[in-house]
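S.K.: generate a structure from the sequence data that follows.
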Amino acid sequence: MNRILSLLTNLFPVWVLVGGTLALVHPTWFTWFSGPWITWGLAVIMLGMGITLSLDDFKAVLKTPWGVAVGFVGQYTIMPLLGWSIARLFELPTPLAVGLILVSCCPGGTASNVVTYLAGANVPLSVLMTMCSTFGAIVMTPILTDWLAGAYVPVPAWEMFLSTLQIVLAPLVLGLVLHHLTPRIVKLVLPVAPLVSVVTIVLICASIIGSSAEDLKQSGFRILLAVVLLHVGGFLLGYVFAWLLRFSRRDCRTISIEVGMQNSGLGASLAKKHFPEMPSAALPCAISATCHSVIGSLLAGLWRLVPTPEPIKPPKLAPGTPSEESALLTKQFAPATGSSRNSLGPFHPTP
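M.R.: Numbers count the residues shown, from 1 in each chain. The predicted structure is shown next:
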């Protein structure tokens, strides 16, 4: 059963692509999933991430502050400026420009962790960067969106801040509390939670595409190219940024993945809630969910064929104790299917 759940979960880019295609043909199949459904759906996804966290994860940040800080800075400088620049370059209509800037200001999702794993990069660093950038989104996403998208439309920064508190912080803290107070229940829920996240993501993206089907057909190529450039640029500039700071090639790949992948679900939810007069503002977020997953998976496959020269040195632990990387993978992608790099359990794909 666990293998089936793992397979269904790890194919989430395929499900998002299929859902989006069906939404273009039969919009009413998915448009019912709107309004509060999207907000609650994203809260469920954040809760799924929260139950994998423990206090030890926060202590681990102190062990690698430089790497986490560089990933954080790269995430909240490279992507927002890139999103704003592409929107101006393509002269996107206001709703699409606002949506592209909004998704570029959202943090990396936990799908980046599994792509990091597939690429043979630094999984513990990826997990820590995802956790820190997600908490940082509470403040950074409203501020950056207001700064960069304010030239297009008035941005309700304070209301957006309150929304991120509700959508991001509250479920994460609740998940953290449940992790420590009800470990048995969490252990039972973990195998199914990732697949629930996948289904929710598919419904969110398909609903947005279905409700904006006509806008997508009219400006499909332009917005698709803009989103692809956003993520390709994020992967490339994230790598260059880390390389200039003399990180190892393995860590450069990790930071590249963290910068290039976004929490598109959060962007879609904020767009729907705070820009209701512009329904198509959520469209770039929905397209982003598929684009960054497909590009990231292809990049991971390429990097897996070209291993890094530096060996991966696990920390010295007592006999029978799982390595730090194995422990983090078990937490993030539970239930783990083994310690081999060719096996992979489910994960929480926050696009």
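
S.K.: can you tell me how far Glu91 sits from Ala226?
M.R.: Using CB to CB, to the nearest Å, we find Glu91 at a distance of 10 Å from Ala226. For the C-beta atoms, the positions are set from N, CA and C on the backbone; glycine is no exception.

S.K.: next: Lys63.
M.R.: Applying CB to CB to Lys63 and Ala226 gives a distance of 38 Å.

S.K.: pick out whichever of those two has more residues nearby.
M.R.: Set Lys63 next to Ala226 and count neighbours by other CB atoms under 10 Å: Ala226 wins out with 23 against 11.

S.K.: now do that one, the pLDDT please.
M.R.: We note a pLDDT of 93 for Ala226 in this prediction.

S.K.: quick one: residues contacting it.
M.R.: Residues in contact with Ala226, defined by CB atoms under 8 Å, 6 or more residues apart in numbering, are Ile86, Ala87, Phe90, Leu92, Leu96, Leu100, Pro284.

S.K.: secondary structure element for it?
M.R.: helix 213-244 (DSSP states H and E).

S.K.: residue ranges with poor pLDDT in the stretch 51-200 of the chain?
M.R.: Along the stretch 51-200 of the chain, the model assigns pLDDT under 70 to residues 53, 57-58, 60-61, 109-110, 114, 117-118.

S.K.: and the strands in it?
M.R.: Secondary structure of the stretch 51-200 of the chain (DSSP state E, counting those that start in this stretch): no strands located.

S.K.: quick one: average pLDDT of the one helix or strand Met46 maps to?
M.R.: When elements are assigned from DSSP H and E, Met46 belongs to helix 36-50. Taken as a whole, helix 36-50 has an average pLDDT of 75.

S.K.: and the closest residue to Ser211 other than its chain neighbours, what does it touch?
M.R.: Using CB to CB, 6 or more residues apart in numbering and skipping residues adjacent in sequence, the residue nearest Ser211 is Thr31, 5.1 Å away. By CB under 8 Å, 6+ apart, the contact list for Thr31 reads Ala23, Ser207, Gly210, Ser211.

S.K.: state the number of residues packed around Met46.
M.R.: When neighbours are defined as other CB under 10 Å, Met46 has 27 of them.

S.K.: my bad, Lys59
M.R.: 9.

S.K.: rewinding a little: quick one: name whatever helix or strand follows the helix holding Ala226.
M.R.: With DSSP H and E, the next secondary element past helix 213-244 is helix 249-260.

S.K.: other SSEs contacting that next one?
M.R.: helix 65-89, helix 111-118, helix 123-149, helix 213-244, helix 283-305 (3 or more CB pairs under 8 Å, 6 or more residues apart in numbering; DSSP states H and E).

S.K.: could you redo the last one with a cut-off of 6 Å?
M.R.: Applying 3 or more CB pairs under 6 Å, 6 or more residues apart in numbering; DSSP states H and E, one finds that helix 249-260 contacts helix 65-89, helix 111-118, helix 123-149, helix 213-244.

S.K.: highest mean neighbour count out of those helices?
M.R.: helix 111-118 (a mean of 28; mean count of other CB atoms under 10 Å).
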